[in-house]
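let's see this in three dimensions:
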Amino acid sequence: MPAPSPQLQTLKAEFFRALAHPIRIRLLEVLVTMPACSVQDLQRKLGVDQPIVSQQLARLRASGIVAATRSGAVTRYAVTDGLLKDLLAIAKQILNRRLVDTQGLLRELKRDVSTRPVKARVVDPGPVASRSSRWARL
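Below is the predicted model:
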């Protein structure tokens, strides 16, 4: 199987870079369930200021992930590909598995720490104290 071309790899990276912002992810999560939302709808749903919503929508539009249609004085936004809903669902499953694994490790760590006796450590200031006293003499 031949290696993917650098152009294809760049295209993939740009696509995922366009998704790489928490507010853009939240916008997409809303737009895949509620198509044709205005900036005001999205602002209310996310609890984010209008300029931030507009800025992030502009980034998604520039990447071709979201399209805008004008309806009178209102611009409405929607995802350009319904498969984005599947992509977000798969990402959620992957992250859920990672979090479950992390929870298991945290429980294991907690058990490990609670079974060991805690020893108090006394830190010897050593040469640090002599340096500070040397500076005090100057």
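
any idea how far R76 is from R24?
Distance check for R76 against R24: by Cβ to Cβ, to the nearest Å, it reads 18 Å. (C-beta placed from N, C-alpha, C; glycine too.)

what about those two, which has more around it?
It is R24, of R76 and R24, that has more neighbours when counted by other Cβ atoms under 10 Å, with 19 against 15.

excluding chain neighbours, what is closest to the more buried one?
Q56 (5.0 Å; Cβ to Cβ, 6 or more residues apart in numbering).

doesn't the one you found belong to a helix?
Yes: secondary structure assignment (DSSP: H, G, I helix; E, B strand; the rest coil) places Q56 inside a helix.

surely it meets P22?
No: using Cβ atoms under 8 Å, Q56 is not in contact with P22, being 9.5 Å away.

quick one: which of those two has more around it?
Summary of the neighbour comparison: Q56 and P22, criterion other Cβ under 10 Å, with Q56 having more neighbours (22 against 8).
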